[in-house]
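# what would the 3D arrangement of this be:
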Amino acid sequence: MTIRGFRPRPSAGQTAGDLASPTELDDTQAAVLSLPDGASGSVIGAPGTGKTTTLVEALAERVLERGYATVEVLALSASRSAATRLRDRIALRIGVPTNGPLARTATSLAFQLSGERARANAQEPPRLLTGGEQDQIIAELIAGHLEDGTGPAWPEPLVADVRLLRGFRTELRELMARCVELGITPSRLSELGAIAGHDEWRAAARFIAEYQRVVDSYRGTFVDSAELIAEAVSVVRAGSSLDRLRAIFVDDLQEATLATVSLLRAFAARGVAIVAFGDPDVASTTFRGAEATAIGQLEARLGVPVDRFVLGTAHRQTPALRDLTTRVTERIGTAAAGVQRLAAAGRDARASGQEVVRIEASSAPAEAARLARRLREQHLLNGVPWNRMAVVVRSGAHVPGLARSLAVAEVPTKTSVAGRALRDDFAARQLITVVGVELGAVELTPSVVSDLLLGPFGGLDGISLRRLRLALRQEELAGEGNRSADDLLVEALGAPGRFATIDSAPARRASRLAETIAGGSQKAEGGATIEELLWHAWERSGLAKRWLEQSERSGIVADEANRHLDGVVALFTAARRFVERYPERPASDFVVELLGAEVPEDTLAAQTAGEAVLVCTPSATIGAEFDIVAVAGLQESVWPNLRLRGSLLHPQKLADANAGTTSDTVDERAQVLGDELRMFALAVSRARTQVILTATANDDEQPSPFLRLAADLAFDDTDDSVHPLSLRGMVGRLRRRLVTTGAPDAADALARLSIAEVEGADPGDWYGLIAPSTEEPLVDLDDPDAVVRVSPSRLETFEKSPLAWFVDAMASSPSGLAAGIGTVVHAVMEQVSTEPDGDLSVERVWRGVEERWNELQFESPWLEEKERRRTRKLAEGVSEYLRDFERAGGALLGSEGAFELTVGRAMIRGTIDRVERTPEGTIVIVDLKTGNTVPTAAQVAGHAQLGAYQLAMEHGAVDAAGDAPSGGAKLLYVSKGVRGKGYREVAQERVDSEALDRLTARVEEAAAGMAGSTFAGVVDLGDRDPHAKYEYRIHLVPAVSA
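Here you go, the predicted structure:
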C-alpha cells in the first residue's frame, strides 16, 4: 500500500566510499595538516568544527603524503566505542594494511606496554581489574570488616550502613584512582588527611593499604586502569617497542584523566609529536577525573612547545543550533580556553525554521508520546533514518523506561549494553541463573523457581504456573503429604522425572527446563567451562531462533528481542574473557562474581545493527553526531543535578590538598553546575538538523532552568491533536471520526487499511461491536431436572452485584494472603475442637497454626512477621472463645459439616463451621470470621449466609442439629474483641415462619438470576467496597470502538 505524502527514506549515514575520500578542509584545518614533523599541537574547536575529521585527515596525510609507516602513527580516543568508530574511519581513509588498529584507548595502549615489559622480564603479563571486579573486592573487604569488627576506624558519618552502599564504594575507587594518578601512597594519604582535617582519608589510607595487600596476594599481577597507565609511563620513559612512534593524535582530550596526560607527557619527552583535539566546554566526565583544562594548558602539561590552532567554523551547525550551544557554553568557566566559542555556523538555516523544538507535556507518558510523534514525523515525512536520531537523558537510570515508552509508540530504539551491569539485563540474568542453579552457585529457592518458570527458559505464564502448582499440590494431598506447592516446585525442578505424572503442557515445559538443569549439572561435574555451560542452556532453550525472528520485525516486541540478544551476546563475551583470563578458576566463580557485580563492564560485544533510535546518556555521544537529537527529561533538580560530588570521601579535593591549595564550597557548587552545563552542551551540540527539548510541567514537576536557555530560539510544540503518524494512531483517529461523524472517507480509508491487514481496521474486530459469543443462560430452567447451585457465602454477593458474582464464579482470582490465613485458622479451630485431650490453650492453637504456616506465601520477611503477629491474635481469640464455650457448658455437635437443601429450583450447598448446643439445649450455628469488618445489628438480621444456614436447619438439612430447637445463628469474629474479650459474637435471632417464607423467596429469586444470561453491575459503589474491585469494574467500562 502506498500512502501519499510519505517520502521514501534515504540510505543511512555516509558510505564507505565517502569515508575513504579526502575531505575538503577549511584554512585552519589545512594548517593543522601542515604542522611540521616532530611539532606538537593543540587544536581547540567548538562542537561540529571538524576536530575528528581534521585528526583523520592529519593522520592520513602523514601516512599517504609524508611516507610515515603505519607503526609510526597512532590515534587515541576517549572510550572503546569512540575508538572503534575512529579506527574504522581511519582504516577506510588510509586504505593500506596495518599491523593493528590505529585508534585505541589509553588503557589499551598501556596494557600493551605493560605486557611487553613483563614478557621481556619473563614475567606473567598484568591482568586488568575491571571496575566491577575492583568493586567486588572492595565490597568483600568491607563486609569482612563489619562481620569481624575489624578494619579502619571510619569517622562518625560513615557508619556501617553507609559503607555498604555502592555510592561509597564508587567514591572509594575514585579516591584510589586519584592517589595512583598523583603518586600518593597510603602513608601520604593519611598524612594529607591529618593536614586537611579529612579523617575519612586517614581511614581510607588504612583500607587502601589492606586492599593492595589482598590484590598482591592473588596469583599473577592485577592492576586497575590507573595503575596500568602509571606502569606504562614508566615503560615509555625507559624505552619500549613503541619507540618508532613519531606522532600521536588524541581525540577529545577534554575527557582524558591525569594519568592519560602523564602518559602523553612521557611520549612527548621521547620526541613523539602530540597533536591533541578537544573542547573543554563538552567534557562529560570531569566528575570522574577528566582534565577539562588539559587542551588549553597542553604546552605546560606536556613540557614541550605546542602550536595552537582554533577552528572557527562549526560545519555541523546552523545559526540557531550554534546560538543554542553558545548560550549554554558561555555560562561555563573557560577552562584555559574559551576562544573556540566564537565559531560561526557553517550551515544555512532550515527553511522550516524549526531547528529547536520545545515540548512541555502534562505528564511523563505524554512527554514520551509527543516526543515519539516528533521522531516519527522526521522519519516518515522528512526521510531521516532512525539511526540518525538520538534521545539523550541525564542519567542511565532513565534510559530503559524511556526506550520502552518510545518503542510502545512505534519508535524503534536501542540502548548501550555497557550502560548497565549484566546482572541487570533480563535475558542475561535469566541465562546465568539457569547455569548458576546447575553449578549450585544459585540456590533453588521458591522465588528462583518462579522467576525461571515464568521467564523465557521456562515459558510459563501466571495461569500455567498456577495450574502446575495446583497439580503438584493435589498429588501431594492424594499421597497424604502436606508440603507446600513452593516446596514441591523446588523439588520437581531439581528432579526431571518428577513432572512425568502430570499430563499437561505447563508440566512438559517445566520438565524440559528441569532436564536442561540436570544436563548442565552433569556437564559441570565433568569439568565443563562456563562458556560450554552457557551454550548448553542457550541451545536447548530454542530462544535464538525465536528472538531472531522477532528482532527482524518492528515494534516493541522487536526492540525487546534485540535487547535480549544483545544481553546474551554480552554475557557470552564476558564468559569467554573469563575463561581466557582465568582458565584455572571454576565456572561457579564467574556466576557468583557476575551476579554480585553492580558496576557495568565496558564491552565491545557485538550488538544488533538494525536501524533504531539511540537512547543514551551524554557520555555515549562523545565523538558522534546525529541529524536529530532530543534531550529528554529536562526537569528541575534532575538536570542540572547540583548535588555536590564526592560528599563522602571528597576525592575531588585530593589534588588541591596535595598541591597545598584549597577550594571553598561556593567554588565546588560552581564546578558542579559547570559539569552539568558541559553535559547539556555535549548533548545539544550533537545535532545537525534539529534539537528537541522535552520536559514535564505540572503541579508536582517543573521544567529545568536549562529549558529557558532556548527561549526565543525554540518552536513550542503545544498541539496534542496532531496526527500521531503511526498505523495504530491512524486507525484510532479514523475509527473515532467514523463513529462520531459517519464520514464516508473515513470508512473508505479504514476499508483500505483492513485490506492491507492493518490491525484494528476491520470493524469485525472492534470491541463493542462483536456479537456475544453466546446468549444461552448458565442453567436452562426449561429443563425440569435442572437445578441452580447456590452457595450461602456467595448469596449476598449476587444480591449486591450480580456481575461480581458471575466474575468470581467463572474466573475467580487466586485467593489472597488474608484468605489463606483464614483457611488455616478455620482448620486449626476444627482440629483442636475435636481432639480428645481437650487442650484449648493458646499455645495449642498456635502450634497448629505454625504446623501449616509453610502453606502461606509472603512477598517479604517483614510482611510475614507482620502477619504472624496478627495471626497470633486470631489464635488467642479462638482459644479464648473455645475455653469460654467449654466453661459455660456448651457442646460441639458438628464441625465443618456439609449440607444440601433444595428450595424450588435452587440447590443450596455449603459447609457450616460449627453447630453448637447451648446449656439451655438450643442449637446455634456459628460461622467463624477472621476479617476486621463487623456488621451492625441491623445488617446481621438480614445476613444472607446465616439466613441460608437457618433455612437449612429449619428444613432438617443439618444432620448434627437433630430435633433440638433452634437458637439462631451467629458470626464469631476473632480479630476484634469486645468487653475485654479476644473475640466478638454478632447474633442473628431464630427465624420465624414469615422470615422463612421471605428467605425461601429470596433464595428462589437469586437462583433465577444466577441461571440467567446477563448479569448487572453496580457503578456507584465506594472505592472501599469489596464489590468495586478492578476485576469487576473493568466490565463496566462502556464499549469503545473509536
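
# give me the low-pLDDT residue ranges for the stretch 301-450 of the chain?
416-420 (pLDDT under 70).

# 80 instead?
In the predicted model, the stretch 301-450 of the chain carries pLDDT under 80 at residues 335-338, 350-353, 416-424.

# which stretches of it form strands?
Assigned by DSSP state E, counting those that start in this stretch, the strands in the stretch 301-450 of the chain fall at 306-311, 313-314, 344-345, 356-361, 389-392, 413-414.

# ok, which of the ones you listed comes nearest residue 881?
strand 356-361 (58.4 Å; C-beta to C-beta). No exception for glycine: its C-beta is placed from N, CA and C like everyone else's.

# so what strands line up beside the closest one?
In the sheet containing strand 356-361, its partner strands are strand 687-696 (parallel), strand 715-716 (parallel), by DSSP bridges.

# need the residues that contact the shortest one.
Which is strand 715-716. Applying C-beta atoms under 8 Å, 6 or more residues apart in numbering, the contact partners of strand 715-716 are 353-354, 356-358, 360.

# max pairwise distance over the residues you listed: which two?
353 and 360 (19.3 Å).

# any idea how many residues pack against residue 1020?
6 (other C-beta atoms under 10 Å).

# quick check: pLDDT value at it.
Confidence at residue 1020, expressed as pLDDT, is 70.

# check contacts around the residue lying closest to residue 949 once chain neighbours are set aside.
Leaving out its chain neighbours, the residue that sits closest to residue 949 by C-beta to C-beta, 6 or more residues apart in numbering is residue 925, at 4.6 Å. With contact set as C-beta under 8 Å, 6+ apart, residue 925 has these partners: 912, 914-916, 946, 949-950, 953, 958, 968-970.

# mind listing what's buried in whichever strand or helix holds residue 925?
Per DSSP states H and E: residue 925 is located in strand 923-929. The neighbour-count check on strand 923-929 (16 or more other C-beta atoms under 10 Å) flags 923-929 as buried.

# list the buried ones in the helix or strand just after it?
The helix or strand immediately downstream of strand 923-929 is helix 937-941, counting by DSSP H and E. By 16+ other C-beta under 10 Å, the buried positions in helix 937-941 come out as residue 940.

# wouldn't residue 336 be in contact with residue 298 here?
No: using C-beta atoms under 8 Å, residue 336 makes no contact with residue 298, being 9.1 Å away.

# any regions of the stretch 1-150 of the chain where pLDDT drops low?
Applying pLDDT under 80 to the stretch 1-150 of the chain flags the ranges 1-23, 120-124, 127-133.

# circling back: buried subset of the contacts of strand 715-716, written for PyMOL?
Filtering the contacts of strand 715-716 down to the buried ones (16+ other C-beta under 10 Å) takes a single PyMOL command:
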select buried, resi 356+357+358+360
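
# now render the contacts of strand 715-716 as a markdown table, adding distance to residue 305.
Below are the contacts of strand 715-716 laid out as a markdown table (distance: C-beta to C-beta, whole Å):
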| residue | distance to residue 305 |
| --- | --- |
| 353 | 47 |
| 354 | 47 |
| 356 | 42 |
| 357 | 46 |
| 358 | 47 |
| 360 | 52 |
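
# for residue 254, state which of the contacts of strand 715-716 is nearest.
residue 356 (24.6 Å).

# which strand residues bridge the closest one?
Per DSSP bridges, the residues bridged to residue 356 are residue 691.

# for it, give its distance to residue 393.
The spacing between residue 356 and residue 393, counted by C-beta to C-beta, to the nearest Å, is 18 Å.

# in three-state terms, label residue 836 for me.
Under DSSP: H, G, I helix; E, B strand; the rest coil, the three-state class of residue 836 is coil.

# check the one 10 residues further on too.
For residue 846, the secondary-structure state derived from three-state DSSP is helix.

# quick one: contacts for it?
Here residue 846 is in contact with 872, 875 (C-beta under 8 Å, 6+ apart).

# what does the average pLDDT come to for stretch 679-687?
Averaging pLDDT along stretch 679-687 gives 91.

# swap that for stretch 836-853, please
The average pLDDT for stretch 836-853 rounds to 87.

# buried set for that stretch?
Using 16+ other C-beta under 10 Å as the test for burial, stretch 836-853 gives 840, 842, 844-846, 848-849, 852-853.

# nearest to residue 777 among those?
residue 852 (40.4 Å).

# with adjacent residues omitted, what lies nearest to the closest one?
Nearest non-adjacent residue to residue 852, counting by C-beta to C-beta, 6+ apart: residue 824, 4.9 Å away.

# which parts of the stretch 251-400 of the chain are helices?
Along the stretch 251-400 of the chain, counting by DSSP state H, counting those that start in this stretch, helices occupy 258-269, 298-302, 319-329, 364-380, 399-408.

# quick one: the first one to strand 306-311, angle?
For helix 258-269 against strand 306-311, the angle by axes from the mean of the first three to the mean of the last three C-alpha atoms, to 10 degrees is 120 degrees.

# so what does helix 258-269 touch, helix or strand wise?
Contact partners of helix 258-269 among helices and strands, from 3 or more C-beta pairs under 8 Å, 6 or more residues apart in numbering; DSSP states H and E: helix 106-120, helix 166-182, helix 225-238, strand 247-250, strand 273-278, helix 298-302.

# the last one now?
Of the remaining helices and strands, those touching helix 399-408 by 3+ C-beta pairs under 8 Å, 6+ apart are helix 364-380, strand 413-414, helix 556-581, strand 613-616.

# would you mark the buried spots in it?
Buried residues in helix 399-408 (16+ other C-beta under 10 Å): 399-400, 402-408.

# can I get the helices and strands packed on helix 399-408 in a markdown table including mean neighbour count and distance to residue 182?
Shown next, in a markdown table, are the helices and strands packed on helix 399-408 (neighbours: other C-beta atoms under 10 Å; distance: least, C-beta to C-beta, whole Å):
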| stretch | mean neighbour count | distance to residue 182 |
| --- | --- | --- |
| helix 364-380 | 21 | 43 |
| strand 413-414 | 24 | 39 |
| helix 556-581 | 20 | 29 |
| strand 613-616 | 25 | 32 |
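
# nearest to residue 760, of the ones you listed?
Closest of the helices and strands packed on helix 399-408 to residue 760 is helix 556-581, at 15.9 Å (criterion: C-beta to C-beta).

# beyond the closest one, next helix or strand please.
That would be, after helix 556-581 and using DSSP H and E, helix 587-596.

# just the buried positions in that following helix, please.
For helix 587-596, by 16+ other C-beta under 10 Å, it's 587-588, 590-595.

# continuing past whatever helix or strand residue 972 lives in, what's the next helix or strand?
Residue 972 is located in strand 966-973, with elements delineated by DSSP H and E. Later in the chain than strand 966-973, the nearest helix or strand by DSSP H and E is strand 984-988.

# got the buried residues for that next one?
Across strand 984-988, burial judged by 16+ other C-beta under 10 Å covers 984, 986-988.

# what is the end-to-end distance of stretch 958-976?
End-to-end span of stretch 958-976 (C-alpha to C-alpha, to the nearest Å): 29 Å.
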